[in-house]
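# Here is a sequence with its predicted model. Questions after.
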Amino acid sequence: MKQNEHTLSKISGQHFFLGANTSSGFVSKFDQLADPKSGWILFVIKGGPGTGKSSLIRKAAAAVEASGLAVEYIHCSSDADSLDGAIFPQLKCAVADGTPPHVIEPKYPGAYESVIFLNNCWDEKKLIPQLSDIICLSEEISAHHQRCCRYLSIATMLQNEVYQLISPHTLSHKIDRYAKGIAVRLFSKSGRISPGKNTFRFLSAVTNQGRLFFSETINTLCNELYFIDDPWGVSSKLLLTRIRSLALAHGYNTITCSCPLSPYDKPDHLIIPELHLAFLSGTPHHKIKSSSFHTVDKLHIIHAERFTEMEMIRHKRQRISFISKMTERILTDAEEQLAHAKLLHDKLETIYTGAMDFSAVQTKTDLFIEKLLQRAKEMKLI
């Protein structure tokens, strides 16, 4: 499957992933949800599959948004229709599913984290007889996820080979000069002494529905866009890293959107919210249509060829093309593994759904929403 723009939710606004299936296994950035040292609070939901965690988050987010406050939606990369969390920046609080694979165990319980238990809303007498089915389904789901990550590891190795082929012919001094030119035009008037703060997100991910990209997030946050057309992913990595460094040095906060294949060392995109500015990269396996950004007033296209000794890589094109085709096949296989896992997860959820008292879950949801809105009133936001 090719990369798709996310059309699963009709809710506008900011949408991200904070966890992704990667070549290194499942990578969680849930430590980016909230900051206990800055007066934030974090609500952690505990419960099994199909117990209403995502629905609770969605209802709470809808209530906060209906009150006129901003919401950042955190999606599940294994089930893109489902929410793993929501961040309410004006309220300085967040809510998240704290169960595997993104386990959250309270470090400062009561003072920072507050746990919402849904596992006291089920009837264990209905679950115990189905233990063997629960074990079987859980193990099959885990096997599909592990297989997906192995495929992604292969795809990463293939992409690293392309990197090795192109890197010696990438003109880093030109990239540095271009980044400094951008800094002079866009950052130099900040007049700030303190450096900015960087946070991490995934704006795209390999999911059960293909490679998804949240174009609506860019439409919400940005009116100026630099699009880096990079067939190899080398120039974009160097350019985004350098621009981020310069933006932070000038005091601007940044959002680094990591690459799902190389989540620790390769940025795919960079957003500078205060300037309503984004830098996006596009590759053959990471296609983005510039026509999707209907709110963008200024669109700049950067071709990676300008930073590459093209004559030196002509004899490598056949090899690069072969690697690209292999990578695409492997990524498609990884997506299919997640799709199979999702079907099995639906069966697992059905078992738990049949044992749940959802009126009790609704009561907990209502109390949580009331707590959020009361916090908004105390902060004189509504």
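The structure has been received and is ready for your questions.

# so what's S167 up against?
Shown in contact with S167 (C-beta atoms under 8 Å, 6 or more residues apart in numbering): V234. All C-beta atoms are positioned from the backbone trio N, CA, C, and that covers glycine.

# correction: A183
Per C-beta under 8 Å, 6+ apart, neighbours of A183: I243, L246, A247, H250.

# For the helix or strand where it lies, what does the pLDDT average out to?
In this assignment (DSSP states H and E), A183 forms part of helix 172-186. On average, the pLDDT along helix 172-186 is 97.

# next one: stretch 157-164
Mean predicted confidence for stretch 157-164 is 96.

# in it, what counts as buried?
L158, Q159, N160, V162, Y163 (16 or more other C-beta atoms under 10 Å).

# just checking, which of those residues belong to helices?
L158, Q159, N160, V162, Y163 (DSSP state H).

# Widest-spaced pair of those?
L158 and Y163 (9.9 Å; C-beta to C-beta).

# coming back round to it: out of the contacts of A183, list just those in helices.
I243, L246, A247.

# Isn't the first one up against I182?
Yes - with contacts defined as C-beta atoms under 8 Å, I243 counts as touching I182 at a distance of 6.1 Å.

# Between the two, which is the more surrounded one?
I243 (25 against 19; other C-beta atoms under 10 Å).

# List the contacts of that one.
A179, I182, A183, L270, F279.

# Please apply the same query to I74.
Shown in contact with I74 (C-beta under 8 Å, 6+ apart): F16, F17, L18, L33, L83, D84, G85, A86, I87, A96.

# cool, and D230?
Applying C-beta under 8 Å, 6+ apart, the residues contacting D230 are S236, S281, G282, T283, A304.

# repeat for G52
Here G52 is in contact with L118, C121, M356, F358, V361, T365 (C-beta under 8 Å, 6+ apart).

# ok, back up a step: the ones in helices among the contacts of A183 into CSV, with extra columns for pLDDT and distance to R375?
What follows is the ones in helices among the contacts of A183, written out as CSV (pLDDT from 0 to 100; distance: C-beta to C-beta, whole Å):
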residue, pLDDT, distance to R375
I243, 98, 36
L246, 97, 37
A247, 97, 32
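
# would you list these in CSV and tack on distance to L91?
Below are the ones in helices among the contacts of A183 laid out as CSV (distance: C-beta to C-beta, whole Å):
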residue, distance to L91
I243, 31
L246, 32
A247, 27
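
# Tell me the pLDDT of K10.
For K10, the model assigns a pLDDT of 45.

# these two touch, right, T51 and A360?
No - using C-beta under 8 Å, T51 is not in contact with A360; the gap is 10.4 Å.

# okay, the two: which has more neighbours?
T51 (23 against 14).

# what's next to the helix or strand encompassing E311, contact-wise?
Assigned by DSSP H and E, E311 belongs to helix 310-313. With contact meaning C-beta under 8 Å, 6+ apart, helix 310-313 is reached by L165, I166, P168, H169, I320.
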